[in-house]
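>>> Sequence and predicted structure are below.
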Amino acid sequence: MSGEGEVSTNNPLQGRGGVGSPNSPLSPSTSKGRTQSNKKTKKPKPSYKKGKDIIVEEDENGQNEVLKGGTIESIIEWLLEHIEPHPDSHLLEDENYIASQSQTNPGELMELQKRVRERETENQNTLSVFIISYRQFVSPTRFFQILEDRWKSHPSSRYAVVSMLSVWLSKYLNRDFFFHDKGNRLFDQLLEFIGNMAEVSDSDGSNHRVDANRLKLLILRTKLGNNQFNHRILAKTDKDSEMGMGLSTQSTSNNLTSAVPASNVGLTASSANSAGGPSGMMLGVGGGDGDPRGRIAYCEMPLVELAEQLTLIELDMFKVIREREFLNLNWKKPEKKRHSKHIVKMVDRFNKVSFWVGTRIVREKDIKKRTSLLKRFIILADKCRELNNFNTLMEVLAGLNLHPVQRLKQTWANLSDKYISTMQGLEQLMESKKNYTMYREKLHYLAENKESTLPYLGVYLRDLTFIEENTTFLKEQNTLINYEKIQLIGQVIREVQYFQKVSDYKNLRASDQPPTIKYLKKLKGLKEDMLDAKSLECEGSRSVAPPGPTAGAAGPNAAGSGV
């Protein structure tokens with residue numbers, strides 16, 4: 001996340017089917033499809049203890065061990081035992097083999113390179129999921145000590161130790177080696193370890209200079225521009241001139257999540273691909289709306305531009321969320337503004353936008369103008385969908401599904417089939433009842449294609465709330481950590497980090513009108529009781545029932561993920 005080093009751009013949704021998915025980073029089902037069978041599924045074998053500090057379970061085929069839990073030390077050691085390079089990866093270090101294959105069989109060489117990369121990616125994903133949340137159970141200093149001891153005592157695990165260090169440093173070098181230890185003692189220990197690594201030779205005569213240089217390069221890349229630290233890295237780790245790399249440093253309320261699309265307003269089955277309205281349709285902004293003093297001049301903004309500006313505003317908010325804000329349900333606790341301030345800001349933003357939408361509609365007394373506003377907000381939501389901005393899309397849908405808006409039966413009845421169809425498609429896409437199946441499938445596709453995406457934050461908060469219902473420590477032994485819980489939390493946070501990394505929206509440009517941007521950042525709406533009153537002024541009495549189930553019946557707030 002922001003300021004925490006590099007994040008892998010490998011698709012984190014691969015093999016992740018939401019909360020409760022059977023896939024595990026160390027399970028064969030992550031990379032291989034499961035065969036279907038009509039036979040009755042065998043019950044998994046009961047857990048069995050492997051030593052006093054760890055619990056593993058055989059997978060459904062009885063061929064592989066699946067880690068269930070253990071002490072933090074045993075979990076780290078178990079991971080290191082199961083991180084192995086591709087068995088033929090050594091061939092890619094053989095210059096004669098590469099030269100020969102390049103001439104005689106380049107296709108086979110390319111296939112080998114692909115298989116080696118896939119194994120490395122699988123290893124990195126497994127380690128990344130663990131490293132994201134390890135600090136809940138062990139300090140960086142102790143974690144490093146475990147890795148260093150493992151390197152010295154288990155030569156067979158040295159590849160795994162380097163792999164884990166690489167993932168750790170690429171993600172959290174600043175956080176864990178500088179901010180955690182203001183005296184930089186841990187960083188000095190790291191440099192000394194890398195220097196000693198280059199001098200070690202294994203029983204087969206191979207040395208680890210390449211590994212040491214790779215770690216130094218990773219640190220230099222992360223700290224590029226800080227000449228003081230670059231000098232320390234080269235000076236401290238280079239035991240003699242031979243080992244020098246010759247590197248140059250020049251190179252508010254709980255309504256947040258009341259946004260459950262309701263399958264109401266008499267909608268019929270349709271496609272979500274409707275363009276929804278004439279090209280270039282505008283929406284008025286400013287002019288005292290949400291700004292009683294009228295300090296921002298009224299203007300008409302094309303809906304496409306409005307969707308783009310809202311996307312850029314919320315993208316900036318999304319990208320600064322740090323992984324620690326997602327841990328331990330921090331966004332729901334009394335000190336949420338200190339521990340999860342960026343999540344809280346996005347939650348507040350969600351409420352502001354949805355109440356702004358509702359306010360704009362119910363304040364319009366003329367039914368024709370009110371119907372026109374409904375159309376424009378439906379189109380705005382669809383433009384957000386086209387931009388892969390699912391967070392603002394849900395905010396607008398939340399506003400349209402507020403009870404004071406939903407009860408305006410005469411206004412909804414004036415919509416043509418085209419707008420009804422568009423609304424129906426958007427609600428189907430973001431349907432929550434089946435664990436957001438369509439939405440998750442769409443995210444998977446976007447991740448595969450590395451498209452800029454602003455995901456709906458509420459789904460992540462909902463997932464993490466369900467995950468936190470699992471016990472942190474196994475019932476069998478209250479001192480053994482539930483590793484499956486660590487995995488699930490790590491997978492969710494890693495997905496957030498992925499979209500923070502790949503979503504740049506390079507084709508969008510921020511408005512050059514500061515007052516307009518200020519207005520869009522500080523959207524204001526009426527309070528709930530005032531919305532009700534204005535709605536009643538528009539149409540009828542309180543006896544008029546809403547056309548369907550109230551919004552929020554099964555949204556993230558139902559899982560307790562609202563602020």
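Perfect, I can see it now. Because the structure is predicted, anything quoted here is derived from the model rather than measured.
>>> for Gly69, helix, strand, or coil?
At Gly69 the chain is in strand, as set by DSSP: H, G, I helix; E, B strand; the rest coil.
>>> hey, what's it bridged with?
Ile55, Asn482 (DSSP bridges).
>>> What's the separation between it and Ile219?
33 Å (CB to CB, to the nearest Å). The way it works is simple: take the backbone N, C-alpha and C, and place the C-beta from them, glycine included.
>>> Who has more neighbours out of these two?
Gly69 (27 against 23; other CB atoms under 10 Å).
>>> wait, what's in contact with that one?
Going by CB atoms under 8 Å, 6 or more residues apart in numbering, Gly69 touches 54-55, 75, 473-474, 477, 480-484.
>>> same check, this time on Thr311
Applying CB under 8 Å, 6+ apart, the residues near Thr311 are 384, 387, 389, 392, 454, 505, 508.
>>> count of neighbours near the fourth one?
Under the neighbour criterion other CB under 10 Å, Thr392 is assigned a count of 26.
>>> Would you verify that it is located in a strand?
No - applying three-state DSSP, one finds Thr392 to be helix, outside a strand.
>>> Okay, now the unreliable bits of the stretch 451-563 of the chain?
The model of the stretch 451-563 of the chain has pLDDT under 70 over residues 475-478, 541-563.
>>> The stretch 1-150 of the chain too?
For the stretch 1-150 of the chain, residues meeting the criterion pLDDT under 70 lie at 1-52, 62-63, 86, 89-94.
>>> Show me the helices in it, by range?
72-82, 95-104, 106-133, 140-153 (DSSP state H, counting those that start in this stretch).
>>> quick one, which of those helices is packed in tightest?
helix 72-82 (a mean of 20; mean count of other CB atoms under 10 Å).
>>> how about the CA coordinates for that helix, as PDB?
What follows is helix 72-82, C-alpha atoms only, in PDB (Å, rounded to 0.1, in the frame of the first residue of the first chain):
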ATOM      1  CA  ILE A  72       4.400 -18.500  14.900                       C
ATOM      2  CA  GLU A  73       7.900 -20.100  14.800                       C
ATOM      3  CA  SER A  74       6.600 -23.400  13.600                       C
ATOM      4  CA  ILE A  75       4.400 -21.700  11.000                       C
ATOM      5  CA  ILE A  76       7.300 -19.800   9.600                       C
ATOM      6  CA  GLU A  77       9.500 -23.000   9.500                       C
ATOM      7  CA  TRP A  78       6.700 -25.000   7.900                       C
ATOM      8  CA  LEU A  79       6.300 -22.400   5.200                       C
ATOM      9  CA  LEU A  80      10.100 -22.400   4.500                       C
ATOM     10  CA  GLU A  81      10.000 -26.200   4.200                       C
ATOM     11  CA  HIS A  82       7.300 -26.000   1.500                       C
END
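>>> Need the distance between the two termini of stretch 520-534.
With CA to CA, to the nearest Å as the measure, stretch 520-534 spans 23 Å from end to end.
>>> coming back round to it: quick check: of the contacts of Thr311, which has the highest neighbour count?
That'd be Asn389 among the contacts of Thr311, by other CB under 10 Å, with 29 neighbours.
>>> Distance check, that residue against Val353.
12 Å.
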